[in-house]
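Student: turn this into a structure:
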Amino acid sequence: MLARLFSRRWLLTTILVLAAAAVMVRLGIWQLDRLEWRRGFNARVIEQANLPPMQLGAGDLDLDLYSMEYRQVQVTGEYLAQDAVAMRNQVWVTVYGGNEVGYKLLMPLRIEGSDTAILVDRGWIPAGEPLDLAQYAPPGPVTVTGQLRRAEIDVQLAFNADPTLQPGQPRLELWNYLDLPRLAEQMETPLLTSGYLQIVPQAVQDQPPFANPPELDLSEGSHFGYAVQWFTFATILLAGYPYYARRQDMRNEK
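Tutor: Numbering: from 1, shown residues only. Below is the predicted model of the structure:
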């Protein structure tokens, strides 16, 4: 049988079949890798979400917020309205089911008892001209509750990077992506860059900004089923090809 498959008549087809089967097996392995990543992500989220809420204060500035993503946090401080920025092209689904385009409001909060701020994702605001972000800053100290998030933008920046500052332009107010290190560069107040705080609404929201944390899907998805499919396709191809080659040769010999 092997001699037939690697004969001059079938050699090219055999190479193509083996290559196709190898690709299918690799896709199956990739789906299993994605499944393991998904399980690890789910476990990390559940672990952090089940921890008691943390009071983030001046003594916690050295914590690795990146590894604490989705931990519930409460922090007291004062908003720095002059350093607020907005992210473009954010959609809000209204109570009537329509979609309204606006911005996501990102405003640093100087942590009480320190000279350091944490960036707060306060939610969606309507588009307007001129854009006045300072109007959304409540006066005096406030206490906000939310969840820690990571700002992961490496892949996105390669496709639609935020523009560089022009001569005489002191800061960038409208952003495509959340780039914490770059945002920190245009602030006088030191900014934590290992994570930011996403507001979780505690009551009915009737005025912008409208906090809108994403609903997480903590299922395992369809990765295992897709992996089984790819392995099945590879098996059918490898098992069926010799049978097909033998039938073709027998037909030609008649």
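Student: make sure residue 128 is indeed in a strand.
Tutor: No - applying DSSP: H, G, I helix; E, B strand; the rest coil, one finds residue 128 to be coil, outside a strand.
Student: that one and residue 136, how far apart?
Tutor: 11 Å (Cβ to Cβ, to the nearest Å). Every residue, glycine included, has its C-beta placed from N, CA and C.
Student: more neighbours: which of those two?
Tutor: Higher neighbour count among residue 128 and residue 136: residue 136, with 18 against 10, using other Cβ atoms under 10 Å.
Student: state the phi and psi torsions of the more buried one.
Tutor: Main-chain torsions, residue 136, degrees, to the nearest 10: phi -90, psi 10.
Student: you'd agree it is up against residue 208?
Tutor: Yes - Residue 136 lies in contact with residue 208 (Cβ atoms under 8 Å); the separation is 7.1 Å.
Student: could you find the closest non-adjacent residue to residue 75?
Tutor: residue 56 (4.2 Å; Cβ to Cβ, 6 or more residues apart in numbering).
Student: which residues touch the one you found?
Tutor: Neighbouring residues of residue 56 by Cβ atoms under 8 Å, 6 or more residues apart in numbering: 73, 74, 75, 111, 118, 197.
Student: next one: it from residue 73, what distance?
Tutor: Applying Cβ to Cβ, the value for residue 56 to residue 73 is 5 Å.
Student: ditto for residue 22
Tutor: Counting by Cβ to Cβ - residue 22 and residue 73 are separated by 47 Å.
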